[in-house]
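Colleague: here's a sequence, model it:
(chains A and B)
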Amino acid sequence: DVKVTQSSRYLVKRTGEKVFLECVQDMDHENMFWYRQDPGLGLRLIYFSYDVKMKEKGDIPEGYSVSREKKERFSLILESASTNQTSMYLCATGQAIEQYFGPGTRLTVT
Amino acid sequence: ILNVEQSPQSLHVQEGDSTNFTCSFPSSNFYALHWYRWETAKSPEALFVMTLNGDEKKKGRISATLNTKEGYSYLYIKGSQPEDSATYLCVSGYSTLTFGKGTMLLVSP
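Modeller: Model (predicted):
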């Protein structure tokens, strides 16, 4: 079974803090994705990566950056957290057509 | 249709009822249509992925159909059980995905 783990299930940060969300997969997949999910909206793509050191902007990249130094790990970085980044963040990994999701990190920025 | 639209937004049924949800998606540049089940505090779990017009998939009591020409898919649950309670996501795309807002199903014993 594919396993996608995220570093924290719940996280509370202050406005202005730098926040790292980590995602690790164990299936040697090329593609990794970061999404956020907000009430009343579908999952929205923040960034994705097709290979080590590669990154592509998704639909809502503003205020975020990513890092993929190793194939199995994809990090989402909030350089200066703001209250409008309070959300559920999901990482996914995939090969071609299918994506497998982590359990999510619920981030609250106060 | 520019986005993936799902209806109803939420549904409350009794154990044993059969139910169905609708998903509408852009029929142009279609690649694939996915259904996911997302239970509270768990990861979204893939139920089906369909690529061909007329595709029908079945897993136990759950089945799905696909019409790519008119841009819709139906998900059916026969004899709903409390463990079917979850949000069901319809998703369009191949590598980068477009998600619907989901249908939240609650099945009462």
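
Colleague: longest strand in chain A, by residue count?
Modeller: strand A:87-95 (DSSP state E).

Colleague: for whatever residue of chain A ends up closest to chain B, list the residues it contacts.
Modeller: Nearest residue of chain A to chain B: residue A:42, at 3.6 Å (Cβ to the nearest Cβ). The way it works is simple: take the backbone N, C-alpha and C, and place the C-beta from them, glycine included. Residue A:42 sits next to B:3, B:4, B:89, B:98, B:99, B:100, B:101, B:102 when contact means Cβ atoms under 8 Å, 6 or more residues apart in numbering or on different chains.

Colleague: again, 10 Å this time
Modeller: A:35, B:3-6, B:89-91, B:97-102 (Cβ atoms under 10 Å, 6 or more residues apart in numbering or on different chains).

Colleague: and these as JSON lines, adding secondary structure, neighbour count and pLDDT?
Modeller: What follows is the contacts of residue A:42, written out as JSON lines (DSSP: H, G, I helix; E, B strand; the rest coil; neighbours: other Cβ atoms under 10 Å in any protein chain shown; pLDDT from 0 to 100):
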{"residue": "A:35", "secondary structure": "strand", "neighbour count": "28", "pLDDT": "97"}
{"residue": "B:3", "secondary structure": "coil", "neighbour count": "14", "pLDDT": "88"}
{"residue": "B:4", "secondary structure": "coil", "neighbour count": "23", "pLDDT": "94"}
{"residue": "B:5", "secondary structure": "strand", "neighbour count": "17", "pLDDT": "95"}
{"residue": "B:6", "secondary structure": "strand", "neighbour count": "23", "pLDDT": "97"}
{"residue": "B:89", "secondary structure": "strand", "neighbour count": "26", "pLDDT": "97"}
{"residue": "B:90", "secondary structure": "strand", "neighbour count": "28", "pLDDT": "97"}
{"residue": "B:91", "secondary structure": "strand", "neighbour count": "23", "pLDDT": "95"}
{"residue": "B:97", "secondary structure": "strand", "neighbour count": "24", "pLDDT": "89"}
{"residue": "B:98", "secondary structure": "strand", "neighbour count": "18", "pLDDT": "91"}
{"residue": "B:99", "secondary structure": "strand", "neighbour count": "23", "pLDDT": "94"}
{"residue": "B:100", "secondary structure": "coil", "neighbour count": "24", "pLDDT": "95"}
{"residue": "B:101", "secondary structure": "coil", "neighbour count": "20", "pLDDT": "95"}
{"residue": "B:102", "secondary structure": "coil", "neighbour count": "24", "pLDDT": "96"}
